[in-house]
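> sequence plus predicted model, see below.
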Amino acid sequence: MERYGTIMSTERRNTSPQSKNSRSKGGKRSGAPKSPKGNAPEADTVEGTFKDPGYAARKAATDLLGKVLSKRMPLDGELDLNNGHPGYKRLEPNDRALVRAIIGTALRRRGQIQDVIDRFLDRPIPEKTGRVLDILHVAMAQLFFMSVPDHAAVSLAVTLAGRDGRAKPYKNLVNAVLRRATREGAAIIAEQDAEKLNAPEWMFARWCEVYGAEAARAMSAAHMQEPYLDLTVPEGREEWAEKLGGEVQLGYSVRLVPDGPVEKLAGFEDGKWWVQDAAAAVPARLLGDIKGKAVADLCAAPGGKTMQLAAAGADVTAVDISARRLQRLTQNLKRVGLEAETEVSDLREYVPIDLFDAILLDAPCSATGTIRRHPDVAWLKREDDVLKLADLQYELLEKALGWLKPGGTLVYCTCSLEQEEGELQIQRLLLEHPEVQRVPVTADELGGVAAAISSQGDFRAMPGHNPSSGKTSGGLDGFFAARLRIS
């Protein structure tokens, strides 16, 4: 993802020697083509066929990993069954689930896997080898972190290399590295500093500086785990928690262990709830009693917060720059039986007809708080993205203030762990706009979870937070929200 983070940078990969003589450390030449005399390669290659069970799934996983890492394509778009990756769409549901598990693991554990590869090679793998690095990562994700037989993972990886035009000359290298990984990899994994390796270097350094090393490690550890499934349930959440075998989190959301397609869960078809991280559900609640009030949801898609506002009885105007994403929002509203006005607009050019009683601004951000659910984010984002987005966020924040009625409330939020996108925005705003006051968040509004409130009184959730002590206590999305009132 973010160009291999702490492991192998883009520059290193792109400027490595274009040599076919990459060697597996401690072994014979493993990646070279056959000699002019036609001698058979020295490595004992295990190779499957196109018809091998699982081949298509591994190929799709390898392709998707390459899309994320080399082309910086968001994974969600590639997994979309309407417009996503063709090979993924053609798979049976069980194979699609396997692909999601493989690529999720490969991304969450990317640093550890690359560290193993680096130990086994005496030089970086040349860029012109095509998919070799992606093939190795997909295979090692299975070998080290999934219950996949060693032989299957190695065989399918070698087959993938053999069928790729640029990777084929390095098929024996893939075989040699993976065979060594089956013998030595587990011991290496056991001694690694997993929390540090699996976060991009710039990101981990920032977290250490802002939150301290212990909190940074807790966040990175949370990112390595599959998150629970959180549901926003407007009514009867205790009853739904019992019915679905879940627990109430932050006083509002129902959390349960994922088990099969969400669409098959009781209450989905009837629109009794929708999927939304427990932390992401907090900002809309901070607007208080909004029944009958005119409320704007800015940067509204895909609609979780819009549905919350509409369910609370507000007259909602949902604004987003993307017509396609607003269409999805409208579909979500229809499923749960709620209504809202929608408007396609760039907020920098948006002019509301009337002022609003309350505004929720979920500003565009680096989304580093969502790595638990979207592990590709860690590797798609760069440090300069944070700084560029911070300028846009402040511009939108100032504009939104101008659309409030006197005495109105604005909640500014981002799904980011970076202070430039959260705390520092509010600090600057309060200095430059004396007519704005902060309204502190209280523990009662968060189901008693005071740990998610900053010393300034803002909502600050972090992946390492445990909102309850129950069986589904692990983690929250990283989120920031500040409640402001204009005089």
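That came through, no problem.
> and the pLDDT at Asp289?
The confidence metric pLDDT takes the value 97 at Asp289.
> equivalent analysis for Thr472, please.
For Thr472, pLDDT reads 65.
> where does the chain dip in pLDDT?
The model of the chain has pLDDT under 70 over residues 1-53, 468-473.
> tell me the centre residue of it?
His374 (1.5 Å; C-alpha atoms, centre = their mean).
> check contacts around the nearest residue to Lys399 once chain neighbours are set aside.
Nearest residue to Lys399, sequence neighbours excluded (C-beta to C-beta, 6 or more residues apart in numbering): Leu347, at 6.4 Å. In short, each C-beta sits where N, CA and C put it, glycine included. Leu347 is in contact with Leu298, Cys299, Val319, Ile321, Leu396, Lys399, Ala400, counting by C-beta atoms under 8 Å, 6 or more residues apart in numbering.
> please redo it, this time with the cut-off set to 7 Å
Leu347 sits next to Leu298, Val319, Leu396, Lys399 when contact means C-beta atoms under 7 Å, 6 or more residues apart in numbering.
> now the helix or strand where Lys67 lies - C-alpha only, PDB.
Using DSSP states H and E, Lys67 falls within helix 55-71. This file holds the C-alpha atoms of helix 55-71, laid out as PDB (Å, rounded to 0.1, in the frame of the first residue of the first chain):
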ATOM      1  CA  TYR A  55      -5.900 -20.800  -8.600                       C
ATOM      2  CA  ALA A  56      -8.400 -18.200  -9.800                       C
ATOM      3  CA  ALA A  57      -8.800 -16.800  -6.200                       C
ATOM      4  CA  ARG A  58      -5.000 -16.500  -5.700                       C
ATOM      5  CA  LYS A  59      -4.600 -14.800  -9.100                       C
ATOM      6  CA  ALA A  60      -7.400 -12.300  -8.200                       C
ATOM      7  CA  ALA A  61      -5.800 -11.600  -4.900                       C
ATOM      8  CA  THR A  62      -2.400 -11.000  -6.500                       C
ATOM      9  CA  ASP A  63      -3.900  -8.800  -9.100                       C
ATOM     10  CA  LEU A  64      -5.800  -6.800  -6.500                       C
ATOM     11  CA  LEU A  65      -2.700  -6.400  -4.300                       C
ATOM     12  CA  GLY A  66      -0.800  -5.000  -7.300                       C
ATOM     13  CA  LYS A  67      -3.600  -2.600  -8.100                       C
ATOM     14  CA  VAL A  68      -3.400  -1.200  -4.500                       C
ATOM     15  CA  LEU A  69       0.300  -1.000  -4.200                       C
ATOM     16  CA  SER A  70       1.500  -0.200  -7.700                       C
ATOM     17  CA  LYS A  71      -1.500   1.800  -9.100                       C
END
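> which of the contacts of Leu347 tops the neighbour count?
Leu298 (25 neighbours; other C-beta atoms under 10 Å).
> and that one, what are its bridge partners?
Val319, Leu361 (DSSP bridges).
> and it, how far from Leu404?
12 Å (C-beta to C-beta, to the nearest Å).
> do the same with Leu286
15 Å.
> wait, Leu446 sits on Val248?
No. In this structure Leu446 lies outside contact range of Val248 using C-beta atoms under 7 Å: 11.9 Å.
> higher neighbour count, these two?
It is Leu446, of Leu446 and Val248, that has more neighbours when counted by other C-beta under 10 Å, with 24 against 21.
> could you measure from the more buried one over to Pro227?
Leu446 is 19 Å from Pro227, where distance means C-beta to C-beta.
> ok so, going back, the helix holding Lys67 packs against which elements?
Secondary-structure packing of helix 55-71 (3 or more C-beta pairs under 7 Å, 6 or more residues apart in numbering; DSSP states H and E): helix 75-78, helix 86-89, helix 93-108, helix 132-145, helix 150-163, helix 377-380.
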